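# Need a 3D model of the following:
(one chain, ligands or ions: 1)
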Amino acid sequence: MSLSVAIVGSGPAGFYTADAFLKAGADVRIDIVERLPAPFGLIRGGVAPDHQSTKGVSRSFEKMALDPALRYYGNVEVGRDVTLDELSGLYDAVVLATGAPQDRPLGIPGEDKAGVYGAAAFVGWYNAHPDFRWLDPDLDTAAVAVIGVGNVAIDIARVLVKTPAEMAESDLPGYAREAIDAGGITDVYMFGRRGPVDAKFTNVELREMGRLEDCHPVVDGAVLPAEVTGEMSGRDRRVREKNLASLRGFTELDPAGKAKRVHFAFHANPVEILGGEKVEGLRLERTRVEGGRAVGTGETFEIACGVVIPAIGYQAPAMNGVPFDAARGVVVCDGVRVMGNVYAAGWIRRGPVGVIGTNKPDGDEVARGVLETTPAGARPGREAFERLLGERAVRWVSHDDWRKIDAAEVANAAPAAPRRKFPTVAEMLGVLGEDR
Ligand code: NAP
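Sure thing, here's the model as predicted:
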C-alpha cells in the first residue's frame with residue numbers, strides 16, 4: 001500500500017518536502033493542494049520581479065511535477081473547498097506548507113493611515129499576486145519610507161527606483177510600472193532600528209544598490225564603524241564585513257547625474273506615522289545598540305514622505321483548530337508534527353527566516369519524520385479526495401492546466417520580459433475555458 005500524503009501549499013516548502021518524499025525511495029503518493037491556480041508560492045509572488053535567476057528554481061519543481069507519484073491540485077482552498085479535518089481523514093499524512101503570508105504589525109500610532117502598505121501586500125501587488133491586484137497604492141509622492149533593513153526592504157526600494165530599462169527583463173506587471181512611473185518618487189529611505197552591521201540584508205542584494213542606472217545610494221560615513229565586533233558565527237561576520245565594505249564604498253560614489261536616491265539610515269526607530277487621513281511623514285527616535293538591542297535615546301527627528309512601507313517580517317494567520325503561537329506567528333509543533341497526522345514545513349513552522357534553499361533540509365526533516373511514524377494505506381487518499389472535489393464541483397487546476405496558463409503568460413510577454421502574469425484567478429481560469 002502506498003503512503004498517501006497531502007501537502008498544503010506549493011511554495012518552496014511544499015515542493016522541497018515533496019522532493020524529499022520522492023527521493024526517499026518509499027512507496028508514496030503525494031498530492032499538492034494549492035489555493036491559487038498558479039503554483040510556487042513565494043517564488044512567483046514574493047521573489048522580486050527583477051530577480052529572475054532566483055525564480056529559476058521553479059524549473060526543478062516543474063520537473064518534479066511530472067513524476068507520476070505527484071499530483072498538483074491548484075485552485076483548491078483548505079478551509080473553503082475542503083476542511084483540514086477532511087484532508088487529515090482522507091490522507092495518511094497532511095503537511096502544512098502555507099508559509100507566512102501576512103505582515104507583522106508595526107504597532108505605532110498612524111499605522112492605519114492611507115499610504116501605509118505592508119510589505120506582503122506591496123510585494124504581492126508588484127508581483128501580480130491575485131490577493132493584492134487591487135491594492136492600487138497611491139505612489140504620488142517624492143519620498144517613500146521603508147521600515148526595516150532586510151532583503152524584503154531592499155527588494156522594495158530597488159523596484160521603486162530602477163528604471164524601465166533596468167526592469168525590461170523582469171515580469172513587473174504593466175499596472176505597477178505605470179503607477180511607479182506616474183508617482184514621481186525621487187527618494188526612498190530605508191530605516192534600520194539598529195546599526196549598519198546589524199542589517200539583515202545579504203551582500204549581493206546590497207551591492208546591487210551601488211550599481212543602479214539612475215539612483216545614488218546615500219549613507220552617512222560617520223555611522224559606519226571601523227570593524228565588525230562581537231560574538232557571531234564566521235559566516236555572519238563575513239556577511240557583515242562585506243556589507244560594511246559595500247556601505248563604505250557607497251560613500252565614495254559620485255551622485256552626479258542620478259535623479260533618485262536610496263538613503264540607508266541606521267539607529268532610527270519609527271515611533272509615529274504623521275499626517276491627517278493620509279501619510280505626510282514619519283517620526284523616528286534615534287537609538288543606540290546595547291546587548292544587540294536597539295535602545296531609544298529620547299532624541300527624535302521627522303522626515304516628510306507620502307508612503308510608508310513596513311518591511312519588518314511576516315507571519316502566518318491562525319488556522320481553525322490548529323495550535324498556534326500568536327506571538328511568533330507560527331503553528332505550534334512537536335518537532336515536525338502539529339497534531340495527529342498533521343505536520344508542518346517551512347515558514348509556517350520555522351518563522352519567516354532564510355532563503356529558498358533553507359526549505360530543502362527542512363523538507364528532508366519533515367519527510368523523514370512522516371515516514372518514520374506514519375503507517376501507509378490507513379486512509380483512502382487521492383481517489384477519495386478527487387471524488388469529494390467532484391461532488392462539490394470544485395474546478396481544480398491540474399499540472400497540465402497550469403502548463404497552459406504558463407504558456408499563455410509567456411506568449412503574452414513584452415519582447416524582453418519572461419512573462420506577463422495574469423493578476424486574477426478569473427483570468428487564469430479563463431485560459432482553460434470550461435473543459436472540466
Ligand atoms: P528580516 O530579514 O527579518 O528583516 C526584517 C527587518 O525589519 C530587520 O531590519 C529588522 O530589524 C526590522 N524590524 C523588525 N521589526 C521591527 C520593528 N518593530 N521596527 C523597526 N524595524 C523592525 O525579514 P525580511 O526582510 O522580511 O526577509 C524574510 C526572509 O526572507 C529573510 O531571511 C530574507 O533573507 C529572505 N529574503 C531573501 C531574499 C533574497 O535572498 N534576495 C529576498 C527577500 C527575502 P532587527 O534586525 O533590529 O530586528
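# What pLDDT is listed against whatever residue of the stretch 1-150 of the chain ends up closest to the ligand?
Nearest residue of the stretch 1-150 of the chain to the ligand: residue 150, at 2.3 Å (C-beta to the nearest ligand atom). Every residue, glycine included, has its C-beta placed from N, CA and C. At residue 150, the model reports a pLDDT of 97.
# what's the neighbour count on it?
When counting by other C-beta atoms under 10 Å, one arrives at 21 neighbours for residue 150.
# how far away is it from residue 103?
To residue 103, residue 150 is 13 Å away according to C-beta to C-beta, to the nearest Å.
# and residue 347, what are its phi and psi?
phi -60, psi -30 (degrees, to the nearest 10).
# The closest residue in space to it that isn't next to it in sequence - how many residues pack around it?
Excluding the flanking residues, the one nearest residue 347 by C-beta to C-beta, 6 or more residues apart in numbering is residue 100, at 4.1 Å. Residue 100: 24 surrounding residues under other C-beta under 10 Å.
# and for residue 150 and residue 103, which residues touch both?
Listed as contacting both residue 150 and residue 103 by C-beta atoms under 8 Å, 6 or more residues apart in numbering are residue 312.
# Close to the ligand: what parts of the stretch 251-400 of the chain are there?
When proximity is defined as C-beta under 6 Å from any ligand atom, the stretch 251-400 of the chain approaches the ligand at 269, 294, 311, 312, 313, 314, 352, 353, 354, 355.
# let's go with 8 Å and repeat that
Selection of the stretch 251-400 of the chain residues close to the ligand by C-beta under 8 Å from any ligand atom yields 269-270, 293-294, 310-314, 352-356, 358.
# out of those, which one sits closest to the ligand?
Set against the ligand, the nearest of these by C-beta to the nearest ligand atom is residue 312 (3.5 Å).
# returning to what we had before: which one of the residues of the stretch 251-400 of the chain next to the ligand is nearest to residue 394?
Comparing these against residue 394 with C-beta to C-beta places residue 314 closest, at 28.0 Å.
# Just confirm that closest one contacts residue 346, I think it does.
No: judged on C-beta atoms under 8 Å, residue 314 makes no contact with residue 346 at a distance of 11.7 Å.
# Between these two, which is the more surrounded one?
The neighbour comparison of residue 314 against residue 346 (other C-beta under 10 Å) goes to residue 346, with 31 against 23.
# any idea which element the closest residue to that one other than its chain neighbours lies in?
Spatial nearest neighbour of residue 346, chain neighbours left out: residue 13 (2.3 Å); criterion: C-beta to C-beta, 6+ apart. Here residue 13 sits within helix 12-23, counting by DSSP states H and E.
# What is the burial count for the closest residue to residue 74 other than its chain neighbours?
Residue nearest to residue 74 in three dimensions, not counting chain neighbours: residue 397, with 3.4 Å by C-beta to C-beta, 6+ apart. The tally of other residues near residue 397 (other C-beta under 10 Å) stands at 25.
# So residue 397 versus residue 153, what's the distance?
Here residue 397 is placed at a distance of 33 Å from residue 153 (C-beta to C-beta).
# pLDDT score assigned to residue 436?
51.
# and the longest helix anywhere in the chain, what other elements does it pack with?
As assigned by DSSP state H, the longest helix anywhere in the chain is helix 234-251. Helix 234-251 sits against helix 203-208, strand 215-219, with contacts defined as 3 or more C-beta pairs under 8 Å, 6 or more residues apart in numbering; DSSP states H and E.
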